[in-house]
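Visitor: show me how the following folds:
(2 chains)
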Amino acid sequence: MHATVTHIDNPGPLSLTKSLSNLFMGLIAVGALAFLGGVVAEPTRAWQNYILNLYMFTGFALGGFAFITINRAAASQWSIIPRRLAEAFMSFLPVAFVLFLVALVGIKMSGDTIYSWLGSGSGVHSPTKVAWLSYNMMAGRNILFFLIWIFLARKLINYSVVQDNGQASDNRTAAARFSIAALLLFAPTYAFFTYDLIMSQEPKWFSTMFTVYTFAGIFQSAMALMVIVFIKLKNNQLKNVATQSHVKDMSGLLFAFTIFMCYVAFSQFMLIWYANLPEETFYYLKRSEGGWLMIAVFTWTLKFILPFFGLLGQGQKKNHKWLMIVCWGVLAGQFLDLYWMTVPSHNAALVPISWIELGTLAMFTGLFGLFVSRWMSKHSLIPVGDPYVLLSANWRFWE
Amino acid sequence: MRKVPAIIGVYSDPDIMMEAADGARKKGWKNLDAYVPYPLHGLDKALGLKSSWVPWVTLVMGLTGASLGFTLEYWVHVINWPLNIGGKPLNSWPAFIPIVFESGVLIGGISTFVAMWAACKLPNKAPVIHDERFTDDKFGLVIPLDGVVPADAEAYLKASGAEEVKHV
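Guide: Numbers count the residues shown, from 1 in each chain, chains lettered A, B, ... in the order given. This next block holds a predicted model:
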């Protein structure tokens, strides 16, 4: 039994410790050095990693976006307290946009080494793709996608933040309607963003299931990161409002998307394997030879076996120490998965992960951590002004 | 049904009954039970019920079903009737996966159904109905008189807000 919460003290914004922000700064400094060293030493490899990380960390922001819009559209009440965390992730989008503009410079610099279609058209086997896969067209549409996402994100954050000062007008209906429209806009923009950034590194290959799979991946990894941060907050500033049921439900979503991700990945693989058409199978052949199979095995252990059997039981979804292991495993799996999708395009043999990979990852981790925690230190940690916040604080279905 | 005599408190408010169940469990009274007209969230915790063993049946039988499905396909395609289909290897595991999944779901589902009947001790030909109102708008808290002084239990139920107290 539990006492019903009748009043919520505003936990205030995140009290960002100096050591944490120094840690992020340090990661950025060390990572940027490693990345710049990489640009000098092996530019193609460095920029490929840059794009990979850009995609992964934009994915966290877009995962937060999906979490908010889905829950807003469904008018869910349990999600109100963790929602602010997803909004913090989403606030990374403008930074991601700037990082994308840097990536455009890198793509220009690296010629046709990452995107073979940037060369004299030799990489593209279909003449209809020449117009679509050109530098200006790619840059233009993706800048447009980022601007759309930033607009949607600002509006969604605004729906929530505007209530924080206590003027609790109920804007749930407006927010739900906006979220439905936002989801409809998100689906195609996200799909083409993924086709351009990830799939076109292998421009002769095509799979319409590809973005469904990558979406399951970014949502899964965003949920894993949310669970990690939420547990940290629950042990500190959110002690009185965050419940075990929030943790359990978020890890439930992580579990659901683990299954969905595996289902989509397998249906993509099996159809290509079964049809056995050379223009499709080469993608998997490249990625199972020269040591790449090892990465795939690691990926699937971390991204499917671990979270599936690790989160199957109810008790496992409430054990914080165990959840940390599973969630960090999923995040590592997400990185390896993207590595496996992109790097074999240009490397027949396994490229071991070394200082360029780790450095670029550190730089992006630092940037994401710094900007998201800064945002959190400027806004209340939960949507205190939401008229239904008490309902969410009393969400104790699973205790 | 239970062999030991029991005492039932009848409540008309589920929250008050849950509080009473919580208090009775904290007193150390064992094997508490309740009759309620609809599912009450948190009642299992208040009564001190342990997790059900049924999910374990689902897990074990689901995995068994999946491996049985794979064994069947392997036996058919590799051992008993090897056929070259489209030049694929005999043990074409990717093509087997859908069947493996389906047989896992089938065996797991049927086993769960059977286990659920066993867990609920069904079919029960002579159900004991202590009070018909428990199927309508009243909530009954059962305290087995197993090392519990009847007068204590009765006093406790009355004090906790029971409308009436019945011996069964």
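
Visitor: name the element the closest residue to chain B within the stretch 101-250 of chain A belongs to?
Guide: Of all residues in the stretch 101-250 of chain A, the one sitting closest to chain B is residue A:245 (10.5 Å; CB to the nearest CB). For glycine as for every other residue, the C-beta is placed from the backbone atoms N, C-alpha and C. Using DSSP states H and E, residue A:245 falls within helix A:244-275.

Visitor: and the next helix or strand after that helix, what does it pack onto?
Guide: Remark: after helix A:244-275, the chain's next helix or strand is helix A:278-286, criterion DSSP H and E. If contacts are counted by 3 or more CB pairs under 8 Å, 6 or more residues apart in numbering or on different chains; DSSP states H and E, helix A:278-286 sits against helix A:244-275.

Visitor: stretch B:127-146 close to chain A?
Guide: No - if you take CB under 8 Å from any CB of the partner chain as the test, stretch B:127-146 misses chain A, and the best it gets is 13.6 Å.

Visitor: what about that stretch, average pLDDT?
Guide: Averaging pLDDT along stretch B:127-146 gives 87.

Visitor: just stretch B:58-74 next, same as before
Guide: Here the average pLDDT along stretch B:58-74 is 96.

Visitor: which residues are contacting that stretch?
Guide: By CB atoms under 8 Å, 6 or more residues apart in numbering or on different chains, the surrounding residues in contact with stretch B:58-74 are A:312, B:91, B:93, B:96, B:99-108, B:111-112, B:115.

Visitor: next, the buried residues of it.
Guide: Residues of stretch B:58-74 classed as buried by neighbour count (16 or more other CB atoms under 10 Å in any protein chain shown): B:58, B:59, B:61, B:62, B:65, B:66, B:68, B:69, B:70, B:73.

Visitor: from the chain's centroid, how far away is stretch A:295-310?
Guide: Remark: stretch A:295-310 is offset 18 Å from the chain centroid, using CA atoms, centre = their mean, to the nearest Å.

Visitor: gap between the two ends of it?
Guide: 21 Å (CA to CA, to the nearest Å).

Visitor: just how off-centre is the helix holding residue A:245 within its chain?
Guide: On CA atoms, centre = their mean, the centre of helix A:244-275 falls 15 Å from that of its chain.

Visitor: what about the residue in chain B positioned nearest to chain A, how many residues nearby?
Guide: Nearest residue of chain B to chain A: residue B:22, at 4.3 Å (CB to the nearest CB). Close neighbours of residue B:22, defined as other CB atoms under 10 Å in any protein chain shown, add up to 20.

Visitor: about what we covered before: would you mind checking the contacts of stretch B:58-74 for buried ones?
Guide: By 16+ other CB under 10 Å, the contacts of stretch B:58-74 give B:96, B:100, B:101, B:103, B:104, B:106, B:107, B:108, B:111, B:112, B:115 as buried.

Visitor: mind checking which of the residues you listed land in strands?
Guide: Members of the buried ones among the contacts of stretch B:58-74 lying in strands (criterion: DSSP state E): none.

Visitor: helices - which of those residues land there?
Guide: Of the buried ones among the contacts of stretch B:58-74, the ones assigned to helices by DSSP state H are B:96, B:100, B:101, B:103, B:104, B:106, B:107, B:108, B:111, B:112, B:115.

Visitor: tell me which element the residue lying farthest from the centre of chain B falls in.
Guide: No residue in chain B sits farther from the centre than residue B:87, which is 49.3 Å out by CA atoms, centre = their mean. Following DSSP H and E, one finds residue B:87 outside all helices and strands.

Visitor: give me every residue that touches the residue positioned nearest the centre of chain B.
Guide: In chain B, the centroid-proximal residue (CA atoms, centre = their mean) is residue B:52; its distance is 5.3 Å. Residues in contact with residue B:52 (CB under 8 Å, 6+ apart) are residue B:119.

Visitor: helix/strand/coil for it?
Guide: coil (DSSP: H, G, I helix; E, B strand; the rest coil).

Visitor: and the pLDDT for the residue farthest from the centre of chain B?
Guide: pLDDT recorded at residue B:87 is 87.

Visitor: give me the distance between it and residue B:106.
Guide: 31 Å (CB to CB, to the nearest Å).

Visitor: tell me the residues of chain B that contact chain A?
Guide: So chain B meets chain A at B:18-19, B:22, B:41-42, B:45-46, B:51, B:55, B:59, B:86-88, B:94-95, B:97-98 (CB under 8 Å from any CB).

Visitor: which among the residues you listed end up buried?
Guide: Going by neighbour count (16+ other CB under 10 Å), the residues of chain B next to chain A have B:18, B:19, B:22, B:42, B:45, B:46, B:59, B:95, B:97 buried.

Visitor: am I right that the second one is in a strand?
Guide: No - in this structure, residue B:19 is helix, not part of a strand, as judged by three-state DSSP.

Visitor: that one against residue B:157, yeah?
Guide: No - under the criterion of CB atoms under 8 Å, residue B:19 is not in contact with residue B:157, lying 11.9 Å apart.

Visitor: ok, residue A:290 - how many residues close by?
Guide: Around residue A:290 there are 14 other residues, counting by other CB under 10 Å.

Visitor: and the residue farthest from the centre of chain B, what does it touch?
Guide: Neighbours of residue B:87 in contact, by CB under 8 Å, 6+ apart: residue A:276.

Visitor: quick one: the host helix or strand of residue A:309 near chain B?
Guide: Residue A:309 is part of helix A:306-310 when elements are defined by DSSP H and E. No - judged by CB under 8 Å from any CB, helix A:306-310 stays clear of chain B, getting no closer than 9.3 Å.

Visitor: which elements pack onto that helix?
Guide: helix A:244-275, helix A:320-342.

Visitor: which parts of the least confident helix or strand in chain A by mean pLDDT are buried?
Guide: The helix or strand of chain A with the poorest confidence is helix A:128-132; it has a mean of 79 (mean pLDDT, DSSP states H and E). For helix A:128-132, a neighbour-count test (16+ other CB under 10 Å) marks A:129, A:132 as buried.

Visitor: stretch A:8-22 now?
Guide: Buried, per 16+ other CB under 10 Å, within stretch A:8-22: A:8, A:11, A:14, A:21.

Visitor: what does stretch A:337-348 give?
Guide: A:337, A:338, A:339, A:340, A:341, A:342, A:343, A:344, A:345, A:346, A:347.

Visitor: got a list of contacts for it?
Guide: By CB under 8 Å, 6+ apart, stretch A:337-348 touches A:44, A:48, A:51-52, A:55-56, A:113-114, A:198, A:201-202, A:217, A:286-287, A:289-290, A:292, A:295-296, A:299, A:303, A:351, A:353, A:357.

Visitor: fine by me, we can end here.
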